[in-house]
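Enquirer: compute the structure for the input listed below.
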Amino acid sequence: MILITIALAAVGIGGLGLYAGLSARRRATRAVEECTEMMRRRLQVSAGATDDRAIRDVAIVHYDALREESGGLSFSLALLNSAGDGVVLTSINGRTETRTYAKIVQSGRSLQLLSPEEDQVVRAARLGQGPQIRLDDGRDIGVNSRSSTST
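Expert: Sure, this is the predicted structure:
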């Protein structure tokens with residue numbers, strides 16, 4: 001009986017290990033694909049006669065930051081040049097107040113901690129997925145649309 005229990009525990013642990021390995025492989029594959037796309041876009045700029053300082057990569061995401069169902073009026077906007085330098089602007093809009101933040105981005109990274117939405121909008125801009133993007137959580141986010149969680 002003890003051997004059966006140990007064997008079942010070993011199978012369960014092995015299954016968890018397999019799941020963790022497959023999840024790590026998926027994340028690594030996604031990271032490699034993103035890096036490859038960023039390098040491809042960077043090489044396109046290097047080969048051309050464009051101004052490296054000009055804003056080239058733009059992305060915006062609207063969301064309901066305060067979960068008030070206020071129509072998804074909060075947003076994060078990334079404005080970056082071909083080197084990934086620029087700014088991410090975030091406006092958190094509630095029913096009674098608004099807060100606006102600007103964070104400097106250098107080489108696709110910020111010296112300040114980015115929110116998940118800010119991080120995603122910077123990545124989307126670097127990958128050329130803008131101007132409007134959707135959050136990974138499945139809510140429909142668009143420049144002139146309301147989130148699907150609101151009525």
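Enquirer: which parts of the chain are helices?
Expert: For the chain, the helices defined by DSSP state H cover 2-47, 116-126.
Enquirer: and these: which comes nearest residue 93?
Expert: Closest approach to residue 93 among the helices of the chain (C-beta to C-beta): helix 116-126, 13.0 Å. C-beta: built from backbone N, CA, C; applies to glycine.
Enquirer: show me the contact partners of the closest one.
Expert: Helix 116-126 is contacted from outside by 34, 38, 41, 57-61, 63, 65, 76-80, 84, 88, 90, 103, 105, 108, 110, 114, 130, 133, 135-136, using C-beta atoms under 8 Å, 6 or more residues apart in numbering.
Enquirer: buried sites along that helix?
Expert: For helix 116-126, the neighbour count (16 or more other C-beta atoms under 10 Å) marks 117, 118, 119, 120, 121, 122, 123, 124, 125, 126 as buried.
Enquirer: relative to helix 2-47, how tilted is it?
Expert: 50 degrees (axes from the mean of the first three to the mean of the last three C-alpha atoms, to 10 degrees).
Enquirer: much appreciated, bye for now.
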